[in-house]
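Visitor: just the structure for this:
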Amino acid sequence: QILKFLGYFVGPIAFLIELAAIISVIVKDWFNFAIILGLLFLNAIIGYVEEARAESAVDALRQTLALKTRCWRDGQLQDLDTSLLVPGDVIVLRLGDIVPADARLLGIGASGVETNSDLLVDQSSLTGESLAVRKKKGEDVFSSTIVKQGQQMAIVTKTGSKTYIGIAAHLMANTKDEGHFQKVIGRIGNFLIFFTLVLVVLIIIVQFITFRDDPIRGQVLKILGPVLILAVAAIPVGLPTVCSVTMAVGARGLAAKQVIVKRLAAVEEMSALSVLCSDKTGTLTNNELSFDEPYLCDGYSAQDLLLYSYLASEFGANDPIELAVRSAAEHQVPLLRNRHDSTHTPHSVPGFEISEFVPFNPSVKFTQATVRDVENDTTFLVAKGAPQVMVKLAGGHDPAVKAYMAMAKRGLRALGVARTVAGTRDQWQLVGLISLLDPPRPDSAETIKRCQRMGITVKMVTGDQQVIAKEVSKRLGLGQVILDASHLSNQDVPESVLSERFFKADGFAEVTPEHKFRIVDALQKRGLLVGMTGDGVNDAPALKKANVGIAVHGCTDAARSAADIVLLAPGLSTIIEGILASRAIFQRMRSYALYRITSTVHFLIFFFVVVLAYDWTLPAKLLILICILNDLATLVIAVDNAQVSKQPDKWRVGQLIFLSCFLGLLLTGLSFGHFYYFWNVKGYFPFPEAAGETVDRRLDSIMYLHISSAPHFLIFSTRLTGYFWENLPSPLFTAVIVGTQVVALLMVLFGWFTPAIPVTQALAVFGISFASCVVLDVIKVQIFKYWALGSHSLVCAPCGPRRRMLKKRKLDEVQQERVWRNIDQVHQVALKAKVVVALRDAGGKIPPPLTAYEDGWGRNSIDSL
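Guide: Have a look, this model is predicted:
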């Protein structure tokens, strides 16, 4: 923790403050030294408090492992610490156990007797799959998954960092990239340091030449005096503090909207998100199977299908498929309504009695019940199971075969339901097919549309099969370009080609933690700011790698620890509120940065010139007073009104610095006007060496009031890209900004820390400062219009590299369209050739030309081509 605190004394802005403190010691200006040192510690303390981190995500991953494991050691079964397991150990896995390591099932029960019973394992926290997976003898089970049914012995194959989840922990431990916000602040600080050093070197050279005949000590003191003034003027002391406080206040506002911010810089980075990679299971979907589109045979309704499937249900099992079927029947069949609130069994269904029930058997793949219809006093059998088995049992049914094959192609899980003719045990009739799917959340599709309108591309990332991903993507309104594991694991494809594929894809299926990590990394290398949502252990590495990791409602501890932001409400809709709030926060920080850089440039250039030309400086205490009062006042920008951008926000630091320098130069010209007028016209002579003149320090008061008010009023303009009256500031912001300048006005009127000046002169300086800001506001608007600076992606006057990039992108689009057009033509010819050959063989007539993709093909079938 101490080293972490000391880290806040390292950085561009901290170095500037430390340089000023060192110079103060050399020239023995202890008053300024104390103030500068106080500013240095104030910045460090605020930064340390606001950036307090949560526990390590890697530790959370380790805590997901089982603490104790039943293991055979020394010929006996004993409880062993998980950390002591080694490959080759034989462990016992039972209902409810967390698998402690990657292992292979032996097909032997806990008693040591061979068993045919499979193990049902919940892998949802690892792979994102909503269904528990059946594991047979010889198959692998993975660390941190949960045993839901059965018991078996297994032999350990991998432990620690070698396990499936251990690889995820290793990825997270090696993800320590510098945040986007830190990079921006660093670039601004580096510019100010470079600018200051250039001016300092020039001053040292000129002063050394001027005072070369003086003693060495006198030369040093005369040189370091002006250097101290420049160093103090150059310190944007409030830049990191104001930005941190602005984000902290915004984070507290987000907490009220059930968005918990763990890393403050993530607030700013979320405003610039251009890609949102969202986990499917539990985020875009409900994470539970639901009754979908049924296939009904003649004479049966959907209620009949659900009733018979209910009668054939195994009530002792907690299998997700059984739960989904029972839930659908209890909600949609009148006889069964509200039964999910009680402990009823099928035996008490009004009008039916079950005399015999045969549970699911993997060898026959169906359940079966003997049912008596009380009203008609007839008995029949009802069965539910694999669709192909049910169709075969009913003697074959071609339409049903096509139906369940179509369901399989769409990723729907199908179940067949059949019954016998009343009074028989072998005359089976197919009732229909049930399709089950983990459906999208009700708000997911609309949330995705809102993201797209806000300039954010949503990409679905899931461990499920590609066909399931495509079906969910279709229902969400996303595209159908879903890449599977074969695209993600191909090491022979160049990184640039892979990055392009990832960028154009609408989603990814069958992914592992390494794949998710690789997807985020590839998108970031394209210069995109990537957000990643997730809820499971499998999402943790990508959450840590992403610019903004978002752990959704109901997430695991590992995901929560790895994420920057945690959502307390389910679904993606909460993310929209978070992004809108973050964009408002970004506007506040950008407006402050523009104001602060402009003020610093103004200070540096003005004092550099007057020091060299007139050997005049403003007392350091007045400069420090300006820094303290004005920067403390701008803290209220955190509660100011802000316009929210419709597109991802971008700093565009180069253009921001250029605009700041331009406005700073204009303010410098105004300052020279004040300086010249009151020295030459009003006769405020500050130079003791002027022959026959007395020293008049009232020029200090004039320049203090001007330098304090003119840049400070400019913050009303930097709040917006348009005119300052288009979105008025909040009353508190206005009161504090104006209030600090009223304090400065009272200081020069009553002579506090500086000589008093007449009321008329003070009001004139005050009024000119405000009027100049109105003029600068008009100039700023014209520059913003020309550049489209601010928070929009469009650049009306792009730089050379960007022009070349845009030109190349346009050529790529033209080439791509040409390729698609050729593919269309080839496909048309192929279709026509097929039809001609078929009609020729059948002796028919040739039909008119077919339209493109008449057979259901589409551009997203390019992989099939």
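
Visitor: residues near the residue lying closest to residue 729 once chain neighbours are set aside, how many?
Guide: The shortest distance from residue 729 to any residue other than its chain neighbours is 5.5 Å, reached at residue 640 (C-beta to C-beta, 6 or more residues apart in numbering). Heads up, the C-betas are built off the backbone N, CA and C, glycines and all. Close neighbours of residue 640, defined as other C-beta atoms under 10 Å, add up to 23.

Visitor: just checking, residue 640 touches residue 733?
Guide: Yes: with contact defined as C-beta atoms under 8 Å, residue 640 counts as touching residue 733 (4.3 Å).

Visitor: ramachandran angles for the residue nearest to residue 729?
Guide: When quoted as degrees, to the nearest 10, the phi and psi of residue 640 stand at phi -80, psi 160.

Visitor: mind checking how far it is from residue 580?
Guide: The spacing between residue 640 and residue 580, counted by C-beta to C-beta, to the nearest Å, is 16 Å.

Visitor: got it, and residue 553?
Guide: Distance, residue 553 to residue 580, by C-beta to C-beta: 19 Å.

Visitor: just residue 489 next, same as before
Guide: According to C-beta to C-beta, residue 489 and residue 580 sit 37 Å apart.

Visitor: with neighbour numbers in mind, choose between those two.
Guide: Under the criterion of other C-beta under 10 Å, the comparison of residue 489 against residue 580 puts residue 580 first, with 17 against 14.

Visitor: the more buried one is in what secondary structure piece?
Guide: Here residue 580 is covered by helix 573-614, with elements defined by DSSP states H and E.

Visitor: following element in sequence after that helix, please.
Guide: On the C-terminal side of helix 573-614, the nearest following helix or strand under DSSP H and E is helix 620-633.

Visitor: okay, buried residues for that following helix please.
Guide: 620, 622-633 (16 or more other C-beta atoms under 10 Å).

Visitor: ok, of those residues, which one's closest to residue 269?
Guide: Distance to residue 269 across the buried residues of helix 620-633 (C-beta to C-beta) is lowest for residue 631, with 23.9 Å.

Visitor: that closest one and residue 585, how far apart?
Guide: Applying C-beta to C-beta to residue 631 and residue 585 gives a distance of 18 Å.

Visitor: all helices of the stretch 301-450 of the chain, in order?
Guide: Here the stretch 301-450 of the chain has its helices, by DSSP state H, counting those that start in this stretch, at 302-311, 320-332, 387-393, 398-409, 444-453.

Visitor: which other helices and strands contact the last one?
Guide: Other helices and strands packing on helix 444-453, by 3 or more C-beta pairs under 8 Å, 6 or more residues apart in numbering; DSSP states H and E, are strand 457-461, helix 466-476, helix 573-614.

Visitor: helix 466-476 and that one, what's the angle between them?
Guide: Angle between the axes of helix 444-453 and helix 466-476 is 80 degrees (criterion: axes from the mean of the first three to the mean of the last three C-alpha atoms, to 10 degrees).

Visitor: list the buried residues for helix 444-453?
Guide: Applying a neighbour-count criterion of 16+ other C-beta under 10 Å, one finds 444, 445, 447, 448, 450, 451 buried in helix 444-453.

Visitor: got it, and the longest one?
Guide: Buried positions in helix 320-332, judged by neighbour count with 16+ other C-beta under 10 Å: 320, 321, 322, 324, 325, 326, 328, 329, 330.

Visitor: so what touches that helix?
Guide: Taking contacts as C-beta atoms under 8 Å, 6 or more residues apart in numbering, the residues outside helix 320-332 that touch it are 130-132, 288-291, 302-303, 306-307, 309-310, 313-315, 336-340, 384, 413, 415, 434, 436.
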